[in-house]
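J.: Starting from these lines, generate the structure:
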Amino acid sequence: MSTGVPQASAKSQIFESLLGFLPDWVQITVIALIVLAVLASWAVKIKRKIAYRRAVRSGQPVHAAAHYGQGRGADHLGEYAPQQAPRQGSGADYLGAYAPQQAQSAQQPSGADFLGAYAPQRQTGGPASSA
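T.: This next block holds a predicted model:
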C-alpha cells in the first residue's frame, strides 16, 4: 500500500539518526555550518576561475599548474613527481653478465622455429608427382 509520500533515502536517514538525539539548537548549528562550508567551497572555486580567466585575457603568463581544472588531486604530484633519471638496468630487465652475447657472425636461428637436423629436407631434381 502506497501513501504517496516518498520514502527518505538512506543518506538522509543516517543524517537524521546522527543529529536526532541532539537538541534543536545544535542541529540547526550543524546544518548551518555544513551549508556555510559548501557555499565557501563554491566561492573559492568561482574566485579561482575568474582569476584564471582574467590572467588569460590580459596575456599574463599562467603557471602550468594554475590552469583551470588542473594541478589538483592525485594525478598532479607537482614537485613530488618522479624525476626522469638516467636509465639504469635493474630487476628482471637487467641481466648484467648473464645477458646473451651478440654473435659476431650471422645470427643462428634458435627456438621452436628452428628444427636443425630434424628439419624436413627439400628434395630437388626429382620428378614432380601429381595426383
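J.: What is the lengthiest helix in the chain packed up against?
T.: When the chain is parsed with DSSP state H, its longest helix is helix 24-58. With contacts taken as 3 or more CB pairs under 8 Å, 6 or more residues apart in numbering; DSSP states H and E, helix 24-58 sits against helix 10-19. C-beta: built from backbone N, CA, C; applies to glycine.
J.: Where does pLDDT dip in this structure?
T.: Residue ranges of the chain with pLDDT under 70: 1-6, 62-76, 78, 85-94, 102-113, 124-131.
J.: Show me what counts as buried in the longest helix of the chain.
T.: Using 16 or more other CB atoms under 10 Å as the burial criterion, none of the residues of helix 24-58 qualify.
J.: Could you check the angle it makes with helix 10-19?
T.: 130 degrees (axes from the mean of the first three to the mean of the last three CA atoms, to 10 degrees).
J.: Adjust the sequence numbering to begin at 243 for everything that follows.
T.: Yes, from this point I'll number from 243; that puts the last item at helix 266-300.
J.: Backbone dihedrals for Gly358, both of them.
T.: For Gly358, the backbone dihedrals (degrees, to the nearest 10) come out as phi 60, psi -130.
J.: what's the distance between it and Ser254?
T.: 76 Å (CB to CB, to the nearest Å).
J.: what's the answer for Ala359, then?
T.: Using CB to CB, Ala359 is found at 80 Å from Ser254.
J.: of these two, who's got more company?
T.: Shown here are Ala359 and Ser254; by other CB atoms under 10 Å, Ser254 has more neighbours (10 against 5).
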